[in-house]
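Visitor: show me how the following folds:
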Amino acid sequence: MSADARYARPGRLTEIFNDVVAGLTRLGISVWGSRVLAVRGRTSGEWRTTPVNLLTVDGVRYLVAPRGLTQWVRNMRTAGGGELRVGRRVEEFTAVELADDEKPAILRPYLRRWKFEVGVFFDGVDASASDETLREIAPGYPVFRLQ
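Guide: Numbering: from 1, shown residues only. Next comes the predicted model:
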């Protein structure tokens with residue numbers, strides 16, 4: 001499997017954690033910047049939701065897919081945007097996927113902030129990794145800039 005087709009299936013503990021975070025976020029309680037991402041399904045056109053960690057770097061917001069080529073990533077690539085939800089607040093956005101060379105500048109702060117939660121999906125790479133290492137793993141971690 002190529003790095004750009006990398007997909008880490010969530011374990012049961014991850015599913016439980018995601019359900020709890022999504023539930024709190026739907027109630028209006030953002031856990032460390034959590035949002036519920038809603039994206040139209042690329043085939044069905046129906047809204048699909050999943051909890052995500054919204055990262056802000058230098059005033060610009062990003063979504064990182066720590067598990068790789070997930071369904072939300074595939075849907076985002078097709079839809080070009082979606083909604084971020086916290087409680088009743090809904091924010092529409094468009095998204096642009098970053099090129100691999102742009103990703104280290106985002107992956108580093110993402111790992112600094114959420115290593116405790118997503119580190120298992122990064123195979124020992126953390127925020128202290130070299131730019132070269134982050135560039136090497138970049139194809140396996142889709143990153144979207146929100147506009």
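
Visitor: tell me where the protein has helices.
Guide: 12-26, 71-79, 104-118, 131-137 (DSSP state H).

Visitor: can I get those in JSON lines including mean pLDDT?
Guide: Output for those, formatted as JSON lines (pLDDT from 0 to 100):
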{"stretch": "helix 12-26", "mean pLDDT": "72"}
{"stretch": "helix 71-79", "mean pLDDT": "97"}
{"stretch": "helix 104-118", "mean pLDDT": "93"}
{"stretch": "helix 131-137", "mean pLDDT": "97"}
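
Visitor: take the ones you listed and write them to TSV, including distance to residue 144 and mean neighbour count.
Guide: Any C-beta I mention is one placed from the backbone N, CA and C, and that applies to glycine too. Converted to TSV, the helices of the chain look like this (distance: least, Cβ to Cβ, whole Å; neighbours: other Cβ atoms under 10 Å):
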stretch	distance to residue 144	mean neighbour count
helix 12-26	18	14
helix 71-79	6	18
helix 104-118	10	17
helix 131-137	17	15
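
Visitor: so which of those helices comes closest to residue 60?
Guide: Set against residue 60 and scored by Cβ to Cβ, those come closest in helix 104-118, at 9.1 Å.

Visitor: and the contacts of the closest one?
Guide: 17, 32-33, 53, 55, 57, 62, 64, 66, 98, 119, 122, 125-127, 129, 131, 134-135, 137-138, 141, 143 (Cβ atoms under 8 Å, 6 or more residues apart in numbering).
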